[in-house]
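Trainee: I would like the atomic coordinates for the input below:
(chains A and B)
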Amino acid sequence: MSGLDFDFAHLLAGSLVLISFMMLYQDRLTALINVFALQALVLAMSVAWQAYIQAAPHLYVTAVIALVFKALVIPGALHRIIKRLGVHREIETVVGVGPTMLAGIGLVALAMVVMLRVTAAADQLAREDMAFALSVLLLGLLMMVTRRNAVSLIIGFMSLENGLVLAATGAKGMPLVVEISVAFSVLIAFIVVGVFLFRIRERFDTVDVSALDRFREAQK
Amino acid sequence: MIPTSVELLLECCAALLGLSAFAVPFARRAWATPLVYSACLVVALAAGGLALRHLLMAAPAPDSVVLPLGLPWVGARFRLDALAAVFLVVVNLGAAVASLYALGYGRHEPEPQRVLPFYPVFLAGMNLVVLADDAFSFLVVWEVMSLSSWALVMARHRDADNARAGYVYLLMASFGAICLLLAFGLLAGQEGGYAFDAIRSHPPSPIAAGFVLALAILGAGSKAGLVPLHVWLPLAHPAAPSHVSALMSGVMTKVAIYAFIRIVFDLAGAPAPWWSLVILAMGGATATMGILYALLQNDLKRFLAYSTVENVGIIFIALGLGMAFKAQHMALAAALAVTAALFHVINHSLFKSLLFFGAGAVQGAMGERDMERFGGLIGRMPQTALAFLIGCVAISALPPLNGFVSEWLVFQAILLSPKLDASALKIMIPAVGALLALAAALTAAAFVRAFGITFLGRPRSVAAAEASETDRWSRAAMFACCGLCLAAGVLPGFVIDAIVPAVQSLVGGRMTPQAAQPWLSIVPIAEARSSYNGLLVLGFVAASASLAAFVIHRFGSHAFRRAPAWDCGFPDPSPATQYTAGSFAQPIRRVFGPFVFGVREEVDMPAPGDTRAASIRVVVHDRIWETLYAPIAGGIDYVAGRLNHLQFLTIRRYLSLVFLALVGLLLVLAIWL
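Mentor: Numbering: from 1, shown residues only, chains lettered A, B, ... in the order given. Model prediction:
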């Protein structure tokens, strides 16, 4: 493997982690969706690069799926949803930005330590890829934990899923079926959650999930 | 190309599965019941014939096939060897007579759509367990067998007792399956060779093999009904329709014993000396406790289920003896003990099916199972009574029927134990022999009670006085079982010779060929030591009985009279004055009750002059349930109650729990490595 192959893959995967950090401190939904679209774009580039260096043409399909659905269709749809819901100006955080970022840094360190040790026998590119993928995954989960708005939860989940795709494409020989099924499952989850958002909104006049909790408290 | 036996057997199983798929839409039609059962009968006969042919071949070589299903790199492997063939004969013989019985009995089924689709699956599951040759297929078909039998137990789920029986059965079946899963995990080792061939070529380390034994006892033993894992059995077996009860009691427990033999004798490598101690102790306890419980039951089918527990104990005693002899490389003695075990497997499947068929016929005529309401049925159901009597004689181990032969062989093996070179076994085996003798005697008492209370005396209820004989198919099935019991009892040498290849594959030794003995005798070890001739006993019994009958009829009265039962010359018109099931069992309850069951009798005797009625109340404790199961159930209930509030967390809390668990595990990994 030439140095350029590795450097470029490393750069793209590292950028994904960086964009995950960017998502952590976006407190406006519009900006958050834009950053997510950016992450999906970088993911598509990273997958395409993997396809090129692994000479695995089926990965181009995955890259196109990531580009079309995650970078264009889903962010566009989310923008429309929050406009129709009228929450596009809302600001929400549960934990302050500072502690969240610190926790994120800790998680990335943890991911590096675990992955670099576990995959000592694997080749270098796959090791780095897996470590970054785990970081993206953990940061996505962190975002789901720290946000309260249902739209941010969806974005956190899809960002987590970006980490999975990164891991899947970094490991050589992952069959295409897996990626397509993952992509479709995310699409379905997105549709379901979208429907749910409207239902919640119709019923409670907000997409703040704590309203659900309050409702359940009242039912008890 | 001619298909091999194992392929034909798999096709039989596929036919059964197809039959059940066919039964799903059509089960409610009137023609579906006879169609399904007759098809099951034909398939079971075919499969049993194939297995028997394999067993009787001059030098049966294992016959195997790998299907492209199941785990990658392992596939679904099936294999027909001598041991599997013996158990396939047992399974399919039981299935054939049960299907024949169901041709008549099944017509009265109120909800056939709850029975017909599951019955063929149950048969196929039992066949496939015996054929499976890798751990994954084995566990899958084991679960198919468990779940289909559970569905059959739940056929009458509206009865609260049946629902509880199904629940307990499901719990115990899951527990057993988990134990077997872990046992196979240990057997496969770190390489993960799940095919039985791979396991045989890499026997586990002695410590791992010890755990495998423990898990096999828990997993297969809970299905077979070893005390104290038997609790589900007397609940679930009676709850199913009678032909299914017969299959569960007569055949499914044998499939569990097959699993135990396959794991412990075949896969777990050379036995350690202490293994036999554990098996013998559990077998002895099971035999004695099973029959003591049985003696106190008034429910006819539950009584039979407890008697199954006892017989499983006898089989495990014989297997423990075989294990002890095998560990000390006494191949001939080990062959004798294992032959006795397999012979008793065959015998018990025959007479327990017969007895459950009889109980089903009585239940069908009476509409209930409480013995205290029966009585005098021999007059109303003479053929059922005759068949049931033959079953009782067989299970009570009286010559010339088959139960005697196998129990006699077990005792012959016990008498060889002084040659063993281990002091623990020298003490243990005579003690177990005494327990076995006690159990055999109590069995006879228990079956005298069951037959006497049910069929003799005067009717205790209106239903008993008006009962009518059961249908032809049921009687045909019962008499087929009677014939097989008699044949196996009178000509045991042929059975022993037929199971020789299975025994040889397990312990490496064989009994001397019995067919060569003169006058169809059987000689386990040497003629100077002991021999038995069923034909001679049959001849003697027939001759002396005919002679006695002749003398009575010649010198006594020719006339056949029906008169009130003799009661000190003062026959009381009320049938309540007869001996009851409870009063028959009372002496034995008094002897064993306080110690084993914590029995208390509370007599409330009014003072002289007081006009209120006196009463006696008997309190019986099930100590195994109370000391072993009730605390577990209570503990789980308590923990579940404490964890209940986890059901009512917020979404973010749930996400946080998942997140923290993941981070925690990663931290463990980071520190550990």
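Trainee: got the contact list for stretch B:453-466?
Mentor: Outside stretch B:453-466, the residues that touch it by Cβ atoms under 8 Å, 6 or more residues apart in numbering or on different chains are B:300, B:362, B:365-368, B:371-378, B:380-381, B:385, B:388-389, B:565, B:575-576, B:578-581, B:584. All C-beta atoms are positioned from the backbone trio N, CA, C, and that covers glycine.
Trainee: what helix or strand is B:Ser99 on?
Mentor: Here B:Ser99 sits within helix B:82-105, counting by DSSP states H and E.
Trainee: just how off-centre is that helix within its chain?
Mentor: Distance, stretch centre to chain centre, for helix B:82-105: 13 Å (Cα atoms, centre = their mean, to the nearest Å).
Trainee: For chain B, what lies in contact range of chain A?
Mentor: Counting by Cβ under 8 Å from any Cβ of the partner chain, chain B comes close to chain A at B:648, B:650-652, B:655-656, B:658-659, B:662-663, B:666-667, B:669-670, B:673.
Trainee: ok, 7 Å please
Mentor: Residues of chain B found near chain A (Cβ under 7 Å from any Cβ of the partner chain) are B:650-652, B:655-656, B:659, B:662-663, B:666-667, B:669-670, B:673.
Trainee: which of those are buried?
Mentor: B:Thr650, B:Arg652, B:Leu655, B:Ser656, B:Phe659, B:Val663, B:Leu666, B:Ala670 (16 or more other Cβ atoms under 10 Å in any protein chain shown).
Trainee: could the residues you listed be laid out in TSV, adding secondary structure?
Mentor: Formatted as TSV, those follow (DSSP: H, G, I helix; E, B strand; the rest coil):
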residue	secondary structure
B:Thr650	coil
B:Arg652	helix
B:Leu655	helix
B:Ser656	helix
B:Phe659	helix
B:Val663	helix
B:Leu666	helix
B:Ala670	helix
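Trainee: Of these, which is the nearest to B:Met57?
Mentor: Proximity of these to B:Met57 was ranked by Cβ to Cβ; the top entry is B:Leu666 with 58.9 Å.
Trainee: Not including adjacent chain positions, what is the nearest residue to the closest one?
Mentor: Nearest residue to B:Leu666, sequence neighbours excluded (Cβ to Cβ, 6 or more residues apart in numbering or on different chains): A:Val114, at 5.2 Å.
Trainee: What distance do you get for that neighbour to B:Leu667?
Mentor: Using Cβ to Cβ, to the nearest Å, one gets 8 Å for the distance from A:Val114 to B:Leu667.
Trainee: need the helices for chain A, in chain order.
Mentor: A:3-24, A:29-54, A:58-65, A:74-85, A:97-118, A:124-146, A:150-170, A:176-204, A:210-219 (DSSP state H).
Trainee: least reliable of the ones you listed going by mean pLDDT?
Mentor: Ranked by mean pLDDT, the helices of chain A bottom out at helix A:176-204, with a mean of 67.
Trainee: Output the helices of chain A in JSON lines; the columns should cover mean neighbour count.
Mentor: Below are the helices of chain A laid out as JSON lines (neighbours: other Cβ atoms under 10 Å in any protein chain shown):
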{"stretch": "helix A:3-24", "mean neighbour count": "18"}
{"stretch": "helix A:29-54", "mean neighbour count": "21"}
{"stretch": "helix A:58-65", "mean neighbour count": "18"}
{"stretch": "helix A:74-85", "mean neighbour count": "17"}
{"stretch": "helix A:97-118", "mean neighbour count": "17"}
{"stretch": "helix A:124-146", "mean neighbour count": "23"}
{"stretch": "helix A:150-170", "mean neighbour count": "23"}
{"stretch": "helix A:176-204", "mean neighbour count": "14"}
{"stretch": "helix A:210-219", "mean neighbour count": "12"}
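Trainee: Distance to B:His108 added to those helices, as JSON lines?
Mentor: Output for these, formatted as JSON lines (distance: least, Cβ to Cβ, whole Å):
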{"stretch": "helix A:3-24", "distance to B:His108": "69"}
{"stretch": "helix A:29-54", "distance to B:His108": "66"}
{"stretch": "helix A:58-65", "distance to B:His108": "61"}
{"stretch": "helix A:74-85", "distance to B:His108": "62"}
{"stretch": "helix A:97-118", "distance to B:His108": "64"}
{"stretch": "helix A:124-146", "distance to B:His108": "59"}
{"stretch": "helix A:150-170", "distance to B:His108": "57"}
{"stretch": "helix A:176-204", "distance to B:His108": "49"}
{"stretch": "helix A:210-219", "distance to B:His108": "49"}
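Trainee: Which one of these lies nearest to B:Val619?
Mentor: Proximity to B:Val619 (Cβ to Cβ) singles out helix A:210-219 among the helices of chain A, at 46.3 Å.
Trainee: Can you name the residues in contact with the closest one?
Mentor: For helix A:210-219, contacts defined as Cβ atoms under 7 Å, 6 or more residues apart in numbering or on different chains pick out A:Arg148, A:Ile200, A:Phe204, B:Thr650, B:Ile651.
Trainee: what angle sits between that helix and helix A:150-170?
Mentor: Computed by axes from the mean of the first three to the mean of the last three Cα atoms, to 10 degrees, the angle separating helix A:210-219 from helix A:150-170 equals 120 degrees.
Trainee: and the host helix or strand of B:Ala543, what other elements does it pack with?
Mentor: Per DSSP H and E: B:Ala543 is located in helix B:534-555. Contact here means 3 or more Cβ pairs under 7 Å, 6 or more residues apart in numbering or on different chains; DSSP states H and E; on that basis helix B:534-555 packs against helix B:472-490.
Trainee: If we go by neighbour counts, what in the helix it packs on is buried?
Mentor: Within helix B:472-490, the residues that qualify as buried are B:473-475, B:477-482, B:484-490, counting by 16+ other Cβ under 10 Å.
Trainee: just the contacts of helix A:210-219 now: which is nearest B:Val141?
Mentor: Comparing the contacts of helix A:210-219 against B:Val141 with Cβ to Cβ places B:Ile651 closest, at 41.0 Å.
Trainee: What's the per-residue pLDDT of the closest one here?
Mentor: 74.
Trainee: show me what contacts the closest residue to it other than its chain neighbours?
Mentor: The shortest distance from B:Ile651 to any non-neighbouring residue, by Cβ to Cβ, 6+ apart, is to A:Val209 (5.3 Å). By Cβ under 7 Å, 6+ apart, the residues touching A:Val209 are A:Arg148, A:Ala150, B:Ile651.
Trainee: could you redo those residues as JSON lines and give each row distance to B:Gly320?
Mentor: Output for those, formatted as JSON lines (distance: Cβ to Cβ, whole Å):
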{"residue": "A:Arg148", "distance to B:Gly320": "64"}
{"residue": "A:Ala150", "distance to B:Gly320": "64"}
{"residue": "B:Ile651", "distance to B:Gly320": "56"}
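Trainee: re earlier: ok, and what's touching the helix or strand following the helix holding B:Ala543?
Mentor: Remark: after helix B:534-555, the chain's next helix or strand is helix B:581-592, criterion DSSP H and E. For helix B:581-592, contacts defined as Cβ under 7 Å, 6+ apart pick out B:Leu292, B:Leu295, B:Leu296, B:Asn298, B:Met371, B:Glu372, B:Ala445, B:Arg449, B:Ile453, B:Val599.
Trainee: and after helix B:581-592, which helix or strand comes next?
Mentor: strand B:600-604.
Trainee: In terms of secondary structure, what does whichever strand or helix holds B:Phe494 contact?
Mentor: Taking DSSP H and E as the definition, B:Phe494 sits inside helix B:492-498. In terms of contacts (3+ Cβ pairs under 7 Å, 6+ apart), helix B:492-498 is packed against helix B:331-366.
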